[in-house]
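Colleague: Quick one, fold the following:
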Amino acid sequence: MTALSTNISMMCTSATTLLLIALSTSTFLLLPTVVLSNIDQLTCPPSFSGFLAGPGCVSYYICSNGLVASSELTNCMEGTLFNEAMSLCDHAANVECDTTAFPTERPTKKPTVAPTPRIAPTTPAPTLPPQTRSPSANVGVEDALSFAQYDINNKILLYESGYEGGWLPSTIYRYDTFIKGLQVMYLEGVGGMRFYLGEDVGGVEGVKVGLVNIAAFLAQSMKETIKYNACDENNWDIIDGKYPLSNACGQLEQSYQDYVCPAGQEHMQCELDLEMEITATTTATWYGAPGPLFCKPKSKQEFTGYWDYSFECDFPWKDPPEYCPDYPGQKGGRYVNDEPVKNRANRTDVEGCCWWGRGVIQTTGLCNFGILNYYLGKRAADEGRDSRYPDIDFCKDPGAICHREDHEELKWIAGFFYWMKSVQTYNSGWDYLTNLKAFVRGGMGDMNFIEAVSGIVNRGCHNPPCANGSGMLDGGYERTENFKKVLKVLFEEDGSPRSTYSSDMLVPTEMPSRVTPIDDSVIEDTAASEEATTDSEDNFIETTTATTTATITITTTTVPSVEGDWTQTGGDTSLWCGETQEDATNSCGVGTPCPEGSCSGGLKCFSVPCVAATQGNSTVEDATLSTTAPSPATVAAVATFSPVASVPDNTNSPVAATSIGGGFDVTDTFFCGTDRGE
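Modeller: You can find the predicted model right below:
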């Protein structure tokens, strides 16, 4: 890319924000814009933080938690309008004024690295029974979660990626670590507490109660962290157009280090260490996003300033290239410490401010981390009690929840632990478990339940503002909508626990290089020169050769004429090159992969089991052919084979084209079945 030759000079004020303009190279650049005069009436939706268009979309202004953060409108460059859906000034042809959706993030620059593509996983619904469970497992709840696994990963555990990626599956919060953490906390528990799954209710109603408890938990988690794909709390509370660095001490007038344990539990809380120094592991990554939160003593930094999100620092086209230095993936912004900047609680330093939120429900404060350490961490081990994580001192290293790669389930376990301790036991004028059961028995329609839960999680009481002065509820509407979304995933339309797999699981993900379409016409075995006969009424085909006899029963509704994608279920499998099935199995993980279905050097592409694979006669449990057709008609084909001694080399015959040895290569013809034998 050539350097921009034209110097652009623009007027900037404290309300300066960002503008997207097009360069001749079809790339984009964010520049400051000129501030217009004050407007008397600016409004923001409840709990909304982000940018909104002004009259006629020729300008925009900032909202923070439902309040107007700027009292002036900022003008877009001539010829552009503000696009609320993208949070940027865009070409007028791309904007429908007053119809774009409310954004949820700051203006975002087009990433230089393409985001993770939104594709459906290549593994459809499992046909094998679930893995071995504990004898005391809640089978009803776990079965429902298993059926919902695809939707949980692809509809619930999503984060907002920014400029053009939309909502993508989280890279931090996934079903496998979720279910691992849940099993630990409901089967083993900690400190005499367990995650509640309706065990005392029993039957289908008990399963519903357990699933609703999970739904309430996930709804809060989606708001707290999952939507940001973050483990550490982000710096998001903007004040007068600035993000105070002292937000590490607490946002929205909170003071995290003052969250101590109530009388009788003081012995479990962490001690406040004013010399502690920690920098967060994760942070937001939208254009200009504030750097990670940090804490350090006043002896090393007497005061802190703010994060300037309008600063440009990413110039990869320069020679030599210039990049932003504060965190990986940074595309703009910088720390400014010229003078003290207060947070909403009037803090300007970050001494002792190491207790910001971490994990899926943002565990915060001396008490929560202390209790976690008392029951699960090093303190439990030091005092002779059972400890799941005896080498982790959550009081000395609260960031372990986010940075320990050997215990990724900690992100969930910390949240489950908080839920067990603070939500399930809540009974201050409103009893959580009583209202949970009443919600289920009342038909699961009264959203007053989740509104009260949101208050408990976000502010510490069921009807904020609370007596502790923690402020009004943040994001109440969003939390309620999240809850409705999770309920829709965990329950069938009739209100029964989930008992079917997602219809989205068989969506093709990419076209194979070669797939032989199924043909319901007469199949001839030309290599063996034997006769094939067809019974049109039963659609029965019998093919014989000198050395083999195979019987195939095919039932076909509509066969599309286009190529189809194939996927495989029944275990962990992947595509690898090899001369034979056994050769490809042995090369799994060390040889040459063939994700596109083709190999070089005369090798074939086989789908092989990478886990617990057996040589020679390794079994692939189920092969499913998925097709893309212009009509909703689908292919339903079932092939049943009698024992086969050998198959002649005849690529024109579906029988002959099928690989032997339990696996298959991409030149095979595919039939539906619960296993290869069927």
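Colleague: give me the low-pLDDT residue ranges for this structure?
Modeller: Using pLDDT under 70 as the threshold, the predicted model of the chain has low-confidence ranges 1-40, 47-49, 65, 70-71, 85-87, 98-135, 162-165, 505-573, 595-602, 609-678.
Colleague: go with 50
Modeller: 1-38, 99-132, 507-572, 611-671, 676-678 (pLDDT under 50).
Colleague: Show me the helices in the stretch 201-350 of the chain, by range?
Modeller: Taking DSSP state H, counting those that start in this stretch, the helices of the stretch 201-350 of the chain run over residues 203-224.
Colleague: thinking Cys395 is in contact with Asn373, fair?
Modeller: Yes - in this structure, Cys395 is within contact of Asn373 by C-beta atoms under 8 Å, at 5.0 Å. (C-beta placed from N, C-alpha, C; glycine too.)
Colleague: Spell out which residues are contacts of both of the two.
Modeller: 270, 379 (C-beta atoms under 8 Å, 6 or more residues apart in numbering).
Colleague: More neighbours: which of the two?
Modeller: Set side by side, Cys395 and Asn373 give different neighbour counts by other C-beta atoms under 10 Å, the larger being at Asn373 (27 against 22).
Colleague: Just give the closest residue to that one, not the sequence neighbours.
Modeller: Setting aside the residues directly before and after it, Asn373 is nearest to Phe394 in space (C-beta to C-beta, 6 or more residues apart in numbering), at 3.9 Å.
Colleague: Please give the number of neighbouring residues around the one you found.
Modeller: By other C-beta under 10 Å, neighbour count at Phe394 equals 26.
Colleague: what sits against Ala230?
Modeller: For Ala230, the contact set (C-beta under 8 Å, 6+ apart) comprises 172, 282-284.
Colleague: could I get these as CSV with distance to Asn435 and neighbour count?
Modeller: Supplementary listing: the contacts of Ala230 in CSV, determined by distance: C-beta to C-beta, whole Å; neighbours: other C-beta atoms under 10 Å:
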residue, distance to Asn435, neighbour count
Ile172, 31, 18
Thr282, 34, 22
Thr283, 36, 23
Ala284, 34, 23
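Colleague: in the protein, which spans are helices?
Modeller: Secondary structure of the chain, counting by DSSP state H: helices at 139-147, 149-151, 175-183, 203-224, 365-375, 378-382, 400-403, 410-418, 432-441, 448-459, 476-490, 581-586.
Colleague: Which strands or helices does the fourth one pack on?
Modeller: Counting by 3 or more C-beta pairs under 8 Å, 6 or more residues apart in numbering; DSSP states H and E, the packing neighbours recorded for helix 203-224 are helix 139-147, helix 410-418, helix 432-441, helix 448-459, helix 476-490.
Colleague: cool, and the third one?
Modeller: In this structure, helix 175-183 packs against helix 410-418, with contacts taken as 3+ C-beta pairs under 8 Å, 6+ apart.
Colleague: what does the helix it packs on rub up against?
Modeller: So helix 410-418 is in contact with 172-173, 177-178, 180-182, 184-185, 190, 195, 217, 221, 231, 358-361, 363, 368, 371-372, 375-376, 389, 400-402, 404, going by C-beta under 8 Å, 6+ apart.
Colleague: circling back to that earlier point, between the helices and strands packed on helix 203-224, which one is nearest to Trp576?
Modeller: Put simply, out of those the one that sits nearest Trp576 is helix 139-147, at 28.1 Å, with distance taken as C-beta to C-beta.
Colleague: Please point out which parts of that closest one sit buried.
Modeller: Residues of helix 139-147 classed as buried by neighbour count (16 or more other C-beta atoms under 10 Å): 140-147.
Colleague: One more: stretch 441-457?
Modeller: 444, 449-457.
Colleague: Format the CA atom coordinates belonging to that stretch as PDB.
Modeller: Written as PDB, here are the backbone C-alpha positions of stretch 441-457 (Å, rounded to 0.1, in the frame of the first residue of the first chain):
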ATOM      1  CA  ARG A 441     -44.500 -24.300  37.800                       C
ATOM      2  CA  GLY A 442     -46.000 -21.000  36.400                       C
ATOM      3  CA  GLY A 443     -45.200 -21.900  32.900                       C
ATOM      4  CA  MET A 444     -41.800 -20.200  32.500                       C
ATOM      5  CA  GLY A 445     -43.300 -16.900  31.300                       C
ATOM      6  CA  ASP A 446     -42.900 -14.400  34.200                       C
ATOM      7  CA  MET A 447     -39.800 -12.400  33.500                       C
ATOM      8  CA  ASN A 448     -39.900 -10.800  36.900                       C
ATOM      9  CA  PHE A 449     -37.800 -13.800  37.900                       C
ATOM     10  CA  ILE A 450     -34.800 -13.000  35.700                       C
ATOM     11  CA  GLU A 451     -35.000  -9.300  36.400                       C
ATOM     12  CA  ALA A 452     -34.600 -10.000  40.100                       C
ATOM     13  CA  VAL A 453     -31.700 -12.400  39.400                       C
ATOM     14  CA  SER A 454     -30.000  -9.800  37.300                       C
ATOM     15  CA  GLY A 455     -30.200  -7.400  40.200                       C
ATOM     16  CA  ILE A 456     -28.600 -10.000  42.500                       C
ATOM     17  CA  VAL A 457     -25.700 -10.600  40.000                       C
END
